[in-house]
Every structure is written in C-alpha cells, then in structure tokens.
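In: no sequence on this one, just coordinates:
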C-alpha cells in the first residue's frame, strides 16, 4: 500500500501555477480494499479524509448513460430514435429544431439517441468550444444554471451554426450531448433528472455520499474537496451547468460501489444491455482534426494500460473511475485540478502497473 501512497505524494505540490493540494485513491476487488488520502483540503490546511467527497465531473456521464439504457429496457425509448421525435415540449422542440447546422444545412432532427451517447452527434461543446463560456462563469460565479440558460449561450455563441459534422460521421467529445440526454430523461419520464437518478441508481445502491449538486440537498456532513482551475478555486463557483454531463458530488467509496455494480450486471435486467454499453466497435470513426480520439462506447471510455483494458470514465477535474474485467478490480482517484489531467493519467497508469507487478 505504501507504494501507491508514494505515487500519490509525488503529485502533491501547493506551489506554482497548477497546484495539487490533495489526492484520493481507492483500489478494490474481492481480495483487497486500499484507500489512500494524501494532502490537504485546498490551502486550508484541513486534513483530508478517506471518505472526503468531491465533484465527479464527467464520471457523471456513466450514470446518465446507464439511465438511458435502463429506459431503453423499459421500452420508453430506442437508441435508434431521433432525439427530436422523443421531445414532448413544444418549447424544447423549437430549440432542438435548429441545434445543428453543418455546411449551412440543418441536420438537427436527424440526431439519434445513440449519436448523443457515442459523442457522434456533430454538436459542439458548449463549455470548451468558446472561451466566452468560462469567462462568463468567472464573471458570474453565483449564477444558477439550467439547460435553457446553457442552450441560450450555445445559440448566443453561434455554436449551432458550427457543427463539426453530420450526425454519426465523426467522434467529437461534447458535453452538449449529455446535456441533451439529461433533458431526454426528463421528457420521457416526466420527472426531474435528479429524481430519476435517485430512484434508479442512488437509492438502490445506497450511495449516501452521492447527489446532484445544486439540484439536490447536500447529503451528510462529510467534507467536500473542491477542484481548482490552476490557482483559481472553484469552491464558490456554481457549476450547475455540468448537470447530466458532470454535476455529481460523490466519494471514492460510492463510485467504487457504483462501478462494480455496473460491471457485474446489477443495474440492468438484460445481460446484453451491458454488452451494448461496452461496444467500442462503433467508435472506430476518425475524430475531427485537433480533437483527440477516444475509445468510446456508451458513456464509457476504454484505456489500454500495458496488456490490460480498463473501462470507465475520466473527469476534467482530475478524476478517474475505471474497472478491469479480467481481475474485477476498480481504480477510483481524483487530484482535483483541472489543468493537470496528465498527472491523473500518470497516477492511474502507475497504480495499475504496481497492481499487476504485485501479482494480485
């Protein structure tokens, strides 16, 4: 265990333009349960706890994709359905009818549910594709977001006119896809996204540390570690714009329970559903230039580390939640620094290598 703690400690550095104040790491399978907490909570000098909670960022996408597939199992939607055709609200239909133009042609009504899940809709990313979005966040840190306000910015910045491709042509990672999927969940269930999340996943798995920040009441009094964007703390920044694509608060313990439950088939009624979620063959399409391609299934990434495949998702906040099917081992970690994703990747790689070198 000391080896893993040494790796984590190598990342801790409270100085410089990209400080890393803390690191949580949880490695689990049937035989081991390693929990590592090093560093402090921001620059407060407050001690880090093993069960400290944090913003999960895009790890949330696994939850959203899982719910979509659960709704598919209940015949409330089909992955081949056009997103536009599943909308009930006329206001939403009006918004969605002009969300994607490519080469001046409107392809909005041709976006399928599966295109959103696989990041192949052709839609731009409302957060990363225009620097004015983050500038607006920094200028208005207390703004409460909802999908209508996010989409208003999307149209204000003319991102709808700058589609990257026709639907199902190119992989292009975009938070807009999972914003629309959360909308879809509300439309087909007539319930708020966080209510469905609670009913379908959080309560059945007894995830007492996990909730949709800014949409649900805080659970318990366990400390929360907030991420940094360089030296800029996001503690007092309302990140409700993340919503279905990255809005959860959780802990390494809860994420361990969730990811193990998912990959052992406890969240679906049909075994084929999990296989569909892990179908990475459909992602074998080139990504747009200047955008890194990702081995992507349905709300899941696949990483090859050495000879072994790990399936899960990473986070812009420096988080990782991955599972190895061969050994039944999960790796959950976070370093809570937006500008150091390579260091989170390094820690995952070193931890995996150490795990297999110890021949567990």
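Out: Thanks, I have it. All values derive from a computational prediction rather than experimental measurement.

In: would you mark the buried spots in stretch 166-182?
Out: 166-182 (16 or more other CB atoms under 10 Å). From N, CA and C alone the C-beta is placed, and that goes for glycine too.

In: in helices, which of those residues appear?
Out: Cross-referencing these against helices under DSSP state H gives 175, 176, 177, 178, 179, 180, 181, 182.

In: please report how far the last one lies from residue 232.
Out: When distances are taken as CB to CB, to the nearest Å, residue 182 and residue 232 turn out to be 26 Å apart.

In: what values do phi and psi take at the residue nearest to residue 172 when sequence neighbours are not counted?
Out: Once flanking residues are discounted, residue 172 sits nearest to residue 164: 4.7 Å by CB to CB, 6 or more residues apart in numbering. The phi/psi pair for residue 164 (degrees, to the nearest 10) reads phi -80, psi -20.

In: residue 164 contacts residue 102, correct?
Out: Yes. Checked against CB atoms under 8 Å, the pair residue 164 and residue 102 is within contact range at 7.5 Å.

In: which one of those two is surrounded by more residues?
Out: The residue with more neighbours, out of residue 164 and residue 102, is residue 164; 22 against 17, by other CB atoms under 10 Å.

In: list the contacts of that one.
Out: 102, 122, 123, 124, 170, 172, 288 (CB atoms under 8 Å, 6 or more residues apart in numbering).

In: looking at the protein, which helix or strand does the model trust least?
Out: Across the helices and strands of the chain, mean pLDDT, DSSP states H and E gives its lowest value to strand 46-47, namely a mean of 83.

In: just checking, what packs against the following helix or strand past it?
Out: Once strand 46-47 ends, the next helix or strand along the chain (criterion: DSSP states H and E) is strand 53-55. The contact analysis (3 or more CB pairs under 8 Å, 6 or more residues apart in numbering; DSSP states H and E) places strand 53-55 against strand 224-225, strand 248-250.

In: ranking the ones you listed by burial, who's on top?
Out: The highest average neighbour count among these, using mean count of other CB atoms under 10 Å, belongs to strand 248-250 at a mean of 28.

In: strand partners (parallel or antiparallel) of that one?
Out: Within its sheet, strand 248-250 is paired with strand 53-55 (antiparallel), strand 211-212 (antiparallel), according to DSSP bridges.

In: can I get these in CSV with mean neighbour count, distance to residue 259 and mean pLDDT?
Out: What follows is these, written out as CSV (neighbours: other CB atoms under 10 Å; distance: least, CB to CB, whole Å; pLDDT from 0 to 100):
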stretch, mean neighbour count, distance to residue 259, mean pLDDT
strand 53-55, 26, 15, 98
strand 211-212, 23, 17, 98
